[in-house]
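Participant: I would like to see how this sequence folds:
(4 chains)
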There are 2 protein chains.
Amino acid sequence: MTLDTSKVSIKTSLASCFGTNFQDLKGSQDFLEELASLAQEITVDENTYIFKEDEQSNFVYIPISGVIMLERSTARGSRHVFAFLFTGNLIGLSEFSFYTFSAKSLSNSTMVKINKSLIKNVFERHPQIAKRFHEYTNIVLNYILDQLFIMGQKTAHQRLALFLLDMAKRIGHGTQKFFLPMSRQDIADYLGMSLETTSRGFTSLKNKELISIESNYSITILDPKSLTEYTDN
Amino acid sequence: MTLDTSKVSIKTSLASCFGTNFQDLKGSQDFLEELASLAQEITVDENTYIFKEDEQSNFVYIPISGVIMLERSTARGSRHVFAFLFTGNLIGLSEFSFYTFSAKSLSNSTMVKINKSLIKNVFERHPQIAKRFHEYTNIVLNYILDQLFIMGQKTAHQRLALFLLDMAKRIGHGTQKFFLPMSRQDIADYLGMSLETTSRGFTSLKNKELISIESNYSITILDPKSLTEYTDN
DNA sequence: CGAGCCCTTGATGCATTTCAACGAATGTGG
DNA sequence: CCACATTCGTTGAAATGCATCAAGGGCTCG
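Facilitator: Predicted structure coming up:
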């Protein structure tokens, strides 16, 4: 039950939840000390659930490395994927006492696991930290609104193109070749289309020479500018 | 520049932003006094903009009565409607110094207009109030996630049915007959479909005897249960 | 009464789903 | 190490949903 808060990877993840100058915030030392003694770093295998929908939400998680997929299953057996998370997103903090979605690891991942009561307590005592988190929530909200717009107004292939551009930015960090950590089905369930349409989308973008597909999961964006234009209608 | 905070309508709106037992919160009296002296109640005519995208976001607004539509226009001239608000939603509070969307009144409306700096200041001084607001933000976030799911997985006519059920709940407050305050085009832009598809959706639901259409804007949900089943696939 | 706006309806074509078959990659047991 | 099963992705053909183009109907307001 101890966490090495001096690790760069952990600092990076915290910074992306609470801002880059997080260390300067009033209360941040206190918070870090509590994390050091009461939080833990866990590792999660590929394809395993960190938690499932409707379970008691006693913990929140911050991914350090790996890929986490958030999903919800529907009455009729279909599934909605609503996010792929890489590093530094706080998962599972809400007012509900149970999770409203499942979190599944798509790769070997490491995460910081924190008692929900610890976080809530820190937020009570240190409004500055709470404020930072809520600014971050606002960014998430705006991101989802953009996604909502995309779902309503873009064609299936455009949505796929936008998805790949987003992944390139978040995974490739600038390089245009990256490893896709999720299956075609996962992408389909995220973009609200059938598996086949996703597959055809890949083929179509390849034929247009906008991307190249080295293997099923290794993608290169050949022409970011044209690909962006393609998403613009 | 004074606001009558004893009005029931204003209390109701505040309660829906900050919780029903808002008055018991630490700092709420202070907040109310500031509102009384520094906020104002404004009225807005039908079909006029309260603010537009990219304007300086100096004020936040809480609708008291009427209907507000939040929209964003796109590069290619199309439009995305992302919310219809009735009463008690805090509009326009974000970290950006300009609005990222426009707010348009669809009816004669009254709203409380508050200086953004006042609100931010209250939140700094009274973490309990800020916390309430952020709980409310979380509810909004969940609502949008549901909408995202609907956009991805439901057919056009199902989306319309879900929209009407939502409106009935929010406008009719239990009664099944209600006045739709927005045009077919507004609904289309909200649900990501064409005006014609929206219209056909109305006709189709009418023919299925799930709703009746007294006039273009007066709708009755004849069979809520079957209508709900219809949205379930 | 006519103009203008909003809504509805029809016809057509394109986008996407669905059903079905095939191919490629991966793992398992003989 | 190879045959086989299994999983995942691709491709084709048919059917469906939806957008688009086009025309007509009803309402409101001057």
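
Participant: quick one, longest helix in chain A?
Facilitator: helix A:127-153 (DSSP state H).

Participant: and that helix, what does it pack onto?
Facilitator: Using 3 or more C-beta pairs under 8 Å, 6 or more residues apart in numbering or on different chains; DSSP states H and E, the elements in contact with helix A:127-153 are helix A:8-18, helix A:116-125, helix A:156-167, strand B:79-85, helix B:127-153. Every residue, glycine included, has its C-beta placed from N, CA and C.

Participant: roughly how far is that helix from the heart of the chain?
Facilitator: How far helix A:127-153 lies from its chain's middle: 13 Å, per C-alpha atoms, centre = their mean, to the nearest Å.

Participant: what do you get for stretch A:163-176?
Facilitator: 13 Å.

Participant: Stretch A:181-188 too?
Facilitator: 14 Å.

Participant: Export only the CA atoms of that stretch, formatted as CSV.
Facilitator: Provided in CSV are the C-alpha atoms of stretch A:181-188 (Å, rounded to 0.1, in the frame of the first residue of the first chain):
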residue,chain,number,x,y,z
PRO,A,181,-4.3,-1.0,-29.5
MET,A,182,-7.9,-1.9,-30.2
SER,A,183,-9.7,-4.3,-32.5
ARG,A,184,-11.9,-3.3,-35.5
GLN,A,185,-14.9,-4.3,-33.4
ASP,A,186,-13.9,-1.9,-30.6
ILE,A,187,-13.5,0.9,-33.1
ALA,A,188,-16.9,0.1,-34.6
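
Participant: Tell me if that stretch is near chain B.
Facilitator: No. For stretch A:181-188, no contact with chain B is found by C-beta under 8 Å from any C-beta of the partner chain; the gap never falls below 9.8 Å.

Participant: Which of the helices and strands packed on helix A:127-153 sits closest to residue B:22?
Facilitator: helix B:127-153 (7.0 Å; C-beta to C-beta).

Participant: Can you tell me which residues in chain A are near DNA strand C?
Facilitator: A:155, A:156, A:157, A:192, A:193, A:194, A:196, A:197, A:200, A:216 (C-beta under 7 Å from any atom of the strand).

Participant: host element of the fifth one?
Facilitator: Just to be clear, that refers to residue A:193. Taking DSSP states H and E as the definition, one finds residue A:193 inside no helix or strand.

Participant: ok, it - contacts?
Facilitator: Going by C-beta atoms under 8 Å, 6 or more residues apart in numbering or on different chains, residue A:193 touches A:156, A:159, A:201.

Participant: can you pull the pLDDT of the residue sitting nearest the centre point of chain A?
Facilitator: For chain A, the residue nearest the mean C-alpha position is residue A:85 (1.4 Å; C-alpha atoms, centre = their mean). Looking at residue A:85, its pLDDT is 96.

Participant: Report whether the longest helix of chain A contacts DNA strand D.
Facilitator: No. Residues of helix A:127-153 are not located near DNA strand D by C-beta under 7 Å from any atom of the strand, the shortest gap being 8.7 Å.

Participant: hang on, the earlier thing: hmm, residue A:67 and the residue nearest to the centre of chain A touching each other?
Facilitator: Yes. Contact status for residue A:85 versus residue A:67: in contact at 7.2 Å, counting by C-beta atoms under 8 Å.

Participant: Pull up the gap between residue A:137 and residue B:137, please.
Facilitator: 6 Å (C-beta to C-beta, to the nearest Å).

Participant: Am I right that residue A:219 is in a strand?
Facilitator: Yes. Counting by DSSP: H, G, I helix; E, B strand; the rest coil, residue A:219 is part of a strand.

Participant: was I right about it contacting residue A:164?
Facilitator: Yes. Under the criterion of C-beta under 8 Å, residue A:219 makes contact with residue A:164 at 6.5 Å.

Participant: Are there residues contacting both of the two? Which ones?
Facilitator: residue A:211.

Participant: where in chain A is pLDDT low?
Facilitator: Low-confidence segments of chain A (pLDDT under 70): A:1.

Participant: which bits of it sit near chain B?
Facilitator: So far as C-beta under 8 Å from any C-beta goes, chain A lies against chain B at A:72, A:74-76, A:78, A:80, A:82, A:94-95, A:100, A:123-124, A:127, A:130-131, A:134-135, A:137-138, A:140-142, A:144-145, A:147-149, A:151-153, A:191-192, A:232-233.

Participant: ok, residue A:92 - contacts?
Facilitator: Contacts of residue A:92 (C-beta under 8 Å, 6+ apart): A:51, A:57, A:59, A:60, A:61, A:99, A:103, A:116.

Participant: Now do the domain split for chain A, please.
Facilitator: As assigned by automatic domain parsing, chain A contains the domains A:8-149, A:154-231.

Participant: got those as JSON lines, with distance to residue B:223 columns?
Facilitator: Formatted as JSON lines, these follow (distance: least, C-beta to C-beta, whole Å):
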{"stretch": "domain A:8-149", "distance to residue B:223": "19"}
{"stretch": "domain A:154-231", "distance to residue B:223": "28"}
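
Participant: circling back to that earlier point, of the contacts of residue A:92, which is the nearest to DNA strand D?
Facilitator: Nearest to DNA strand D among these, counting by C-beta to the nearest atom of the strand, is residue A:103 at 18.4 Å.

Participant: Okay, and the closest one sits in which element?
Facilitator: strand A:102-105.

Participant: Remind me what that strand packs against, helices and strands.
Facilitator: For strand A:102-105, the packing partners by 3+ C-beta pairs under 8 Å, 6+ apart are strand A:48-51, strand A:68-73.

Participant: Single out the most deeply packed of those.
Facilitator: Most buried of the helices and strands packed on strand A:102-105, by mean neighbour count (mean count of other C-beta atoms under 10 Å in any protein chain shown): strand A:68-73, with a mean of 20.

Participant: Now do it: everything it contacts.
Facilitator: With C-beta under 8 Å, 6+ apart, strand A:68-73 has contacts from A:50, A:53, A:61, A:79-86, A:89, A:91, A:100-106, A:109, A:111, A:182, A:186, A:189, B:149.

Participant: Going through the residues you listed, which ones are buried?
Facilitator: A:50, A:61, A:80-86, A:89, A:91, A:101-106, A:109, A:111, A:182, A:186, A:189, B:149 (16 or more other C-beta atoms under 10 Å in any protein chain shown).

Participant: Within range of DNA strand D, give me the residues from chain A.
Facilitator: Residues of chain A lying near DNA strand D (C-beta under 7 Å from any atom of the strand): A:183, A:184, A:185, A:195, A:196, A:198, A:199, A:200, A:202, A:203, A:213, A:216.
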